[in-house]
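Visitor: Just a sequence and a predicted model for now, questions to come.
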Amino acid sequence: MIKKFGDDNMSQQNAIHLHDGDLPDDFDLGPSVAVDTETMGLNPHRDRLCLVQLSAGDGEAHLVQIKPVSMGGRGYDCPNLKAFMADDTVTKLMHFGRFDVAVLQHTLNVTVAPVICTKIAARLVYTFTDRHGLAYLCRELLGVEMSKHQQSSDWGAETLTQDQLRYAASDVLHLPALWEKLEAMLVREGRRDLAQACFDFLPARARLDLLGYEEPDIFSHRA
């Protein structure tokens, strides 16, 4: 099912492709793809993965809705989505990848790599502010206004609203352009290699989080 909508912040028409339960067999967006998730909450052990969003930054977003069997869905029987997330030839571009990687690794039982995280990048070079949210960065660096009104809506609903679909799509449509800006800043400040080391560690950091090592953090100094 394909839904199209206009975005006042972009000159082109954006299209949302809503996939029921899995990606199509011939899915290919190239070597770098923006990825985001929507869940029922912030605890991967408790809260269900409901939606996975992907975009190559070309004005099109692919949304995979994950429905449990009790709702007539396939549950986590999504081999194409699992293969995509585990494909080491495709870089997954995320914002706050620590959470998304943990959710995807826990739910799909795959290692999600390689990953780039624009929030980590921003924290390394956008240090003149403590604001590193996606909406703020898109406004400051891209001149794009993003609405966050649907952030806390019911993503587990059987049928998602047009507003939910637009919101979910916006979280990935702008990530490639944002990364381009931030990567240039990382190179300029001599921190691109440091950022890459952080990105490479994300799958392991997510596994630590899933094991309960958010608190206490094993890297902290405590008696």
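Guide: Now that the structure is in, tell me what you want to look at.

Visitor: Which parts of the chain are helices?
Guide: Ranges of helices in the chain, per DSSP state H, are 79-86, 97-108, 118-125, 134-137, 162-173, 175-188, 192-210.

Visitor: Format these as a markdown table; extra columns: distance to Leu42 and mean neighbour count.
Guide: No exception for glycine: its C-beta is placed from N, CA and C like everyone else's. Output for the helices of the chain, formatted as a markdown table (distance: least, C-beta to C-beta, whole Å; neighbours: other C-beta atoms under 10 Å):
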| stretch | distance to Leu42 | mean neighbour count |
| --- | --- | --- |
| helix 79-86 | 20 | 18 |
| helix 97-108 | 7 | 23 |
| helix 118-125 | 15 | 22 |
| helix 134-137 | 16 | 20 |
| helix 162-173 | 16 | 22 |
| helix 175-188 | 20 | 18 |
| helix 192-210 | 11 | 16 |
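
Visitor: looking at these, which is closest to Met40?
Guide: Met40 lies closest, by C-beta to C-beta, to one member of these: helix 97-108, at 10.5 Å.

Visitor: looking just at contacts, which helices and strands does the closest one meet?
Guide: Using 3 or more C-beta pairs under 8 Å, 6 or more residues apart in numbering; DSSP states H and E as the contact test, the elements touching helix 97-108 are strand 32-39, strand 49-55, helix 79-86, strand 115-117, helix 192-210.

Visitor: Using TSV, lay out the ones you listed together with mean pLDDT.
Guide: As requested, these are exported to TSV (pLDDT from 0 to 100):
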stretch	mean pLDDT
strand 32-39	98
strand 49-55	98
helix 79-86	98
strand 115-117	98
helix 192-210	97
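
Visitor: Might you list the low-confidence residue ranges for this structure?
Guide: 1-13, 149-151, 223 (pLDDT under 70).

Visitor: residue nearest the centroid of it?
Guide: Asp36 (2.1 Å; C-alpha atoms, centre = their mean).

Visitor: pretty sure His106 is in contact with His45, am I right?
Guide: Yes: between His106 and His45 there is a contact under C-beta atoms under 8 Å: 7.0 Å.

Visitor: if I look at these two, which residues touch both of them?
Guide: Residues touching both His106 and His45 (C-beta atoms under 8 Å, 6 or more residues apart in numbering): Leu210.

Visitor: Do I have it right that Met85 meets Val112?
Guide: Yes: using C-beta under 8 Å, Met85 is in contact with Val112, at 4.9 Å.

Visitor: Now list whatever residues contact both of these two.
Guide: Joint contacts of Met85 and Val112 (C-beta under 8 Å, 6+ apart) are 92, 104.

Visitor: ok so, going back, redo the helices and strands packed on helix 97-108 as a markdown table? Include distance to Asp20.
Guide: Formatted as a markdown table, those follow (distance: least, C-beta to C-beta, whole Å):
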| stretch | distance to Asp20 |
| --- | --- |
| strand 32-39 | 15 |
| strand 49-55 | 11 |
| helix 79-86 | 12 |
| strand 115-117 | 26 |
| helix 192-210 | 27 |
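
Visitor: Quick one: closest of the ones you listed to Gly156.
Guide: Per C-beta to C-beta, nearest to Gly156 of the helices and strands packed on helix 97-108: strand 49-55, 5.1 Å.

Visitor: Please list all residues in contact with Leu104.
Guide: 37, 49, 52, 85, 110, 112 are the contacts of Leu104 under C-beta under 8 Å, 6+ apart.

Visitor: Then Leu194?
Guide: Leu124.
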